[in-house]
Every structure is written in C-alpha cells, then in structure tokens.
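Novice: Sharing a model that was predicted from the sequence below.
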Amino acid sequence: MVAVTVFNSRPELRPHLSPDRDGELICLCTGPSRKNVKMTDKRFVLLHASDNVLVCCARVTAGESVMLEGKSVTLHTEINVGHKVARVNIAKGARIIKYGAPIGSATDDIAFSRHVHLHNMKSDYIPSHTRESKQREE
Amino acid sequence: MKGYLRADGRKGIRNVLLVTYLVECAHHVARTIVTRADSDNIQLIGFPGCYPNDYSLKIMEQLCTHPNVGGVVIVSLGCEGFNREHLNKTISESGRPVSTFVIQESGGTRQTVEAGLQAVSEIQREIATAPMVDMEVEELVVGTICGGSDGTSGISANPAVGSCFDMLVDRGAACIFEETGELIGCEQIMADRAVTPELGREIIEAVQKAENYYRVMGYGSFAPGNAEGGLTTQEEKSMGAYAKSGASQIHGMIKPGDIPPRGGLYLMDVVPDGDPLFGFPNISDSAEIVEMIASGAHIILFTTGRGSVVGSAISPVIKVCANPETYRKMADDMDIDAGKVIEGRAAVTGVGEEIYQLVCSVAGGEKTKSEALGHQEFVLTYKQFEPIGPACLPRR
C-alpha cells in the first residue's frame, strides 16, 4: 500500500488514495477512522482522519450547495481544484492540519466550509509570497 | 534493457555529445556549434560566471563524465577563471573523447566554430561505436523533483512517484529526492525513516540549514503559482513534495555531484554551506534537475500541478501531471496523467506502476515528451559546499 504521505508509522492510520467512489461517500482514510467519516460531496476529499480541512478535487462555484461532513452548506466563494475548505470551525491561532500534519496556523476564526488560504492562515516557518506582495503575513 | 558501456564501467541510457562553454563569453560560439551540428544527441551546457568556483567545477566534471555522455567539446574564451585543464583531464581520464578550444587562441568566433564542428563530427563518429550491453533496473539512478506544484501535486502525482520509487528501491535502484528547503516541516518525519539515528540528525540539521538560508533570502521555496493552485504555506507544499520519497527507509544523504554508492533512497541536500553568499539555493527547477544529473541520475521524474514544460540536457525528464485540468490543457507535454487519481479513475499504486513501466521504456530508449519536443534546459550557477559528514552514508 502506498501512503499519500507516510507521516504516521501506524499503517492502519496511513491515508491512501485507493478511491472509494461508490455512491456519495468519498473517504480516503483507512482503518478505524473510516467509521467517523460523514457524508461528503465527492468533489472534496479528506486526506487524513485528523485533518481539519478538506481538499477540492473538482471546481465548485460560489452559491452552490454541497454536502460536507453530513451537513448541507452553501459555499460563499468559488473553490478551485487543490484548494482547501474548513472541515470544522477553526479558531484563530489554531493549527491547520492536512495529511495529518500541521501546515500552518489560522490568522482568523475560520467557519466550517469556508475557503482556507492566504487570507486566513499563515506558515509557522517562512512567509509565503504572491505576485502582488512580498509577504502576506501581518 | 541495454545501456552504453563507458570505459569507466558505468552504463548510460543515452549517448550524448556535450558542447560546454566555460563562461558566458564563450556561449555564442558553443551554441553555434550545437545549432550547426544539428543532431538530437549533440547538446549544449555551460557555466556563465568568470570567477572560479569549486562547486561548479565539480558539477561540470560530473556532468561531462555522466554515463549518458559519450564525449565532450569544451569551449573556453581563454581568460576566464574556470579550470579548463582540470576539466579536460578529468574527462580524458574517464576514457571519453574530449577536445578543448580556446577562442582567444583559435582565431576568434568563426575559426573556433569551424574547428569545434570538426571535433564534434570526429567525436560523433567515435561514440557511435560505444558498446551496448545488458543493463538492469538496479543499475539505474533516478531522481525526482516537483515544479509548478499546486494543491493536487501532494495527493496524486507525488505519491504516485513515491510508489514508483518504492518499486525501484525494492529492485535495487538508487533513487534521489531533494530540495531540503522544500522539505521544511518534514524534518522529524524524515529523520524517523533514516537507517541510523546519526543520519536522522544530519537530515534535521540540513533542513534547519535550509530554513535559515531561505529566511535570509526573504522567500521560501514557494512561487506565486503555488498559492494560486491552492497551496498556502511552505510546510503544506513540503508535505506534498515529501510524498515523492515513497515509504522506503532513507539510506543516505548526499550533496550535489555526490554519486550514491549503491542502491537505496537518498535525500539530496542542495542548500549551500556557510553564510548565504550567492543568492537562492536553486534559482529554478532546472538547477535542481542539473544537480541530480550530476549525482548520476539517468532519468528525472518531474511532477507538476500547474504545468511545467521543461526537459533537460543529458538525461530524459518524465513529466507526471498531478492536476487533471492541467493535463487536458497541456497533454502534449505530459508523459503521465496522474490527475486520474483526483478524478477517481485510478489508484495511486496503479499510476506508480505506470510510471515504473515508463521508466523502463525510457531507459530502453523511448523518448519522453520533453525529449521529443527538443527541451534541453540547463542552468548552473555558483554555490559552495563542505563535503558530507561520515554519518550521511551509513555502511550497510
């Protein structure tokens, strides 16, 4: 079995990508965590059971209703492939977890289903930059 | 598969004739020779700087004696600092035909081009008879890099390359993954995979060095396109990049130009030692590709989400596209569609197997997309390194 990433030494908790795309449930986690995964639109994937973000696999337009974690929500903004949305409410200062590992911290309170990106999270290591600005960290 | 047996005993999968310039001032002459010779296997590399530098000499020597290279024509202006005699001697001692032309002593542009073309055609005839012998997967050195990463890279193409790496390492090949600056945040996890605790400590220190270096530069290894593709932070990009390494133990850590001593998985520490002197560790993806080739890589597995088109001089580049939308836009440049993992049409291991099969075909002579399109990008700049410590290559 090939892990998406091998952050966890316990094989049963390693995420993988053997797609389980029957019906609505799209769950990319193996092991005990599978039971806890709620219904989610197949355009979003959960990479690891402890993640607090979902990753978009196909573009979703603003105003569309989608099922995330068993709840139907209307997305406020367009979400493109590769982008993240909050799987739960995330408090300002909390770690953002993806692949089961911290990838930065929230710079604002982030509500469930909202886009998680440069405007509301930052690196815990080195500032990110865009074409417009050298640093996006306040 | 068959390989070209070199006099030094190494085996190559291509039979390249390099024309290399040793300072920007000799670039035009070298390029004119390559353009007029007009053959796929006659390729241009070079170094732009006038000041001598141990790193660039070492990398140039390793490239000119790479197993994919059969012979070399060196073009020097004459007054630059590059140690052309040393380079010529190293190539000659490896058993490869080599000719050096010094423009200031050869009568200028026109006459150097003519003399260079004459040498190219002689060397071309000589290397055409290079013996072909059986070559096994375990004799391959394969490097991997990601470029133009986005939010899909870490969940499709990168883990698929990781899966391919596991297969290659299992069969005894040497695999290299790199950019310690793009592995910031993964240091502890990598250290846990090292074959010895001492190697683990070296890995952690290498990543700390990278973090300090990039902090001085003011930017991480994070391009605007990464953010447009959904990646937000360096460590998020790192976690995705790290997936290229697969699940094998990490058998060693090398620096650019060091050849892996045997099969296994190796991390390349690409960040210069000492105080930051020459700017960003790698100014572009091509600089990283060149370093892995200098460490003996026969083939490069290049994963991309946003869509890179680059290839390389010397060694073929296999492009693995992570993002299904990018694949549809740029299919002519992509060898593998890993985006089907995102769309649920394939499993990571299936794409890993597909990459493995393509590695074997390309090693057997099949051209990659970038090769067929004529991509032969090359970048070499200044750096400085201390030799690796004794804990970096544990005995097995």
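Specialist: All right, it came through fine. Keep in mind that what you see is a predicted model, and the values were worked out from it rather than measured.
Novice: which outside residues touch stretch B:95-105?
Specialist: Under the contact criterion CB atoms under 8 Å, 6 or more residues apart in numbering or on different chains, stretch B:95-105 has outside partners B:6-8, B:25-26, B:29, B:64-65, B:69-79, B:84, B:88, B:91-92, B:109, B:112, B:115-116, B:119, B:122-123, B:126-127. All C-beta spots, glycine's among them, are computed from the backbone N, C-alpha and C.
Novice: Show me the strands in the stretch 1-150 of chain B, by range?
Specialist: Here the stretch 1-150 of chain B has its strands, by DSSP state E, counting those that start in this stretch, at B:2-5, B:11-12, B:16-21, B:42-46, B:69-76, B:98-102, B:132-134, B:141-146.
Novice: Would you mind listing which of the contacts of stretch B:95-105 are buried?
Specialist: Those of these that meet the buried threshold are B:6, B:25-26, B:29, B:64-65, B:69-77, B:84, B:88, B:91, B:112, B:115-116, B:119, B:123, B:127, by 16 or more other CB atoms under 10 Å in any protein chain shown.
Novice: Check the stretch 1-150 of chain B for the residue nearest chain A and tell me.
Specialist: Residue nearest to chain A within the stretch 1-150 of chain B: B:Asp150 (4.5 Å; CB to the nearest CB).
Novice: I'd say that residue and A:Lys84 touch.
Specialist: No. In this structure, B:Asp150 is not within contact of A:Lys84 by CB atoms under 8 Å, at 11.8 Å.
Novice: Now do the shared contacts for these two.
Specialist: Residues touching both B:Asp150 and A:Lys84 (CB under 8 Å, 6+ apart) are B:Gly230.
Novice: which ones are touching the residue of the stretch 1-150 of chain B closest to chain A?
Specialist: A:Val81, A:Gly82, B:Gly225, B:Asn226, B:Glu228, B:Gly229, B:Gly230, B:Leu231, B:Gly305, B:Arg306, B:Ala322, B:Asn323.
Novice: re earlier: which of the contacts of stretch B:95-105 fall in helices?
Specialist: Among those, the ones falling in helices (DSSP state H) are B:29, B:64, B:84, B:88, B:91-92, B:109, B:112, B:115-116, B:119, B:122-123, B:126-127.
Novice: would you list the strands of the stretch 1-150 of chain B in JSON lines and tack on distance to B:Pro256 and mean pLDDT?
Specialist: Output for those, formatted as JSON lines (distance: least, CB to CB, whole Å; pLDDT from 0 to 100):
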{"stretch": "strand B:2-5", "distance to B:Pro256": "24", "mean pLDDT": "97"}
{"stretch": "strand B:11-12", "distance to B:Pro256": "19", "mean pLDDT": "98"}
{"stretch": "strand B:16-21", "distance to B:Pro256": "17", "mean pLDDT": "98"}
{"stretch": "strand B:42-46", "distance to B:Pro256": "15", "mean pLDDT": "98"}
{"stretch": "strand B:69-76", "distance to B:Pro256": "17", "mean pLDDT": "98"}
{"stretch": "strand B:98-102", "distance to B:Pro256": "22", "mean pLDDT": "98"}
{"stretch": "strand B:132-134", "distance to B:Pro256": "28", "mean pLDDT": "97"}
{"stretch": "strand B:141-146", "distance to B:Pro256": "11", "mean pLDDT": "96"}
